[in-house]
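Engineer: fold the following.
(one chain, ligands or ions: 1)
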Amino acid sequence: MTTKPQDQDRSKAADQTNAGRRRRAALLLADLRAYYPQVDCTLDFREDPWRLLVGAILAAQCTDARVNQVTPELFKRFPEPADFAAALPQDIEPYIRSCGLYHNKARNIQAAAAWLQQQHRGRVPDSMEALLAIPGVGRKIACLILGDSYGRPAVVVDTHCARISQLMGLTDSSRPPVIERDLMNSLPQEAWIDWGHLLVTLGRDICVARRPDCPRCPCRSHCQTGRSHLGLPEALPDFLEETHE
Ligand code: SF4
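Structural biologist: Reported below is the predicted structural model:
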């Protein structure tokens, strides 16, 4: 079977886009790692997948700093998933009220704990499929647990990561599953976990949603938006080579 010329053109264009994004991603990654040599999950208890899961549920529309303030008392009162499973949501609510949306969050935490007791003997599973089956757990939380608790390669696409990856020119989509796929295609696998942490740090520090501070940004020479602010062509010139650490 022969391939039609227009199909060949389409796949060549797709290859060029992927190759271009991979090159840009490598340069941006080097910029970010040089500027932020140490980044990590900003939620406490990340080494314990259950406590990270609870923290991630509490972090919806709340700051990680606030979550870190309430979780020590919460886990003192409910040390294990079994303790949450045996509680009523109303028992949990007073401990998490300051995180907002506390009725829903208490319900989700209790339901997740009950599910883990029934299905996994109180342990948090380490596969995407099993994580997504837990009440209150979506893809973002599942990737966070896989990456930060179990050390499995996963890209966490939160609001910072989605917004800045678009500004940088690494994705055209605003849909998290598509962004995740685009980033997995352009970033080296060893950088998937770090990428989310790097963009959260950049998004809080410099590339803030209301007014990205491009002149101060370490990524300005390779970010599509940053280049445009500098009056440079958005596409990277061929002579810029990827840097390898
Ligand atoms: S150069 Fe500007 S738009 Fe690009 S990541 Fe930095 S602050 Fe954001």
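Engineer: distance of the most centrally placed residue in the chain from the ligand?
Structural biologist: With distances taken as Cα atoms, centre = their mean, the residue of the chain nearest its centroid is V156 (2.2 Å). According to Cβ to the nearest ligand atom, to the nearest Å, V156 and the ligand sit 17 Å apart. Every C-beta, even on glycine, is put in place using the N, C-alpha and C of the backbone.
Engineer: check P215 too.
Structural biologist: 8 Å.
Engineer: how about this structure: which residue is closest to the ligand?
Structural biologist: At 2.5 Å from the ligand, G226 is the closest residue in the chain, using Cβ to the nearest ligand atom.
Engineer: which parts of this structure sit against the ligand?
Structural biologist: Within the chain, the positions near the ligand by Cβ under 6 Å from any ligand atom are 164, 167-168, 206-207, 212-214, 217, 219-220, 223, 225-226.
Engineer: could you pull up the mean pLDDT of the helix or strand containing G20?
Structural biologist: Assigned by DSSP states H and E, G20 falls within helix 5-35. Helix 5-35 shows a mean pLDDT of 79.
Engineer: what about stretch 43-53, distance to the chain center?
Structural biologist: Centroid displacement of stretch 43-53 relative to its chain, using Cα atoms, centre = their mean, to the nearest Å, is 15 Å.
Engineer: start and end of it, how far apart?
Structural biologist: The straight-line separation of the ends of stretch 43-53 (Cα to Cα, to the nearest Å) is 10 Å.
Engineer: now that stretch: buried residues?
Structural biologist: Across stretch 43-53, burial judged by 16 or more other Cβ atoms under 10 Å covers L43, D44, F45, R46, P49, W50, R51, L52, L53.
Engineer: what ranges does the protein have for its helices?
Structural biologist: 5-35, 49-58, 64-77, 81-85, 89-96, 102-120, 128-132, 139-144, 159-168, 176-186, 192-205, 224-229 (DSSP state H).
Engineer: what packs against the last one?
Structural biologist: Helix 224-229 is packed against helix 159-168, with contacts defined by 3 or more Cβ pairs under 8 Å, 6 or more residues apart in numbering; DSSP states H and E.
Engineer: pLDDT weak spots in this structure?
Structural biologist: Low-confidence segments of the chain (pLDDT under 70): 1-16, 239-245.
Engineer: break it down into its structural domains.
Structural biologist: 19-40+156-229, 49-149 (automatic domain parsing).
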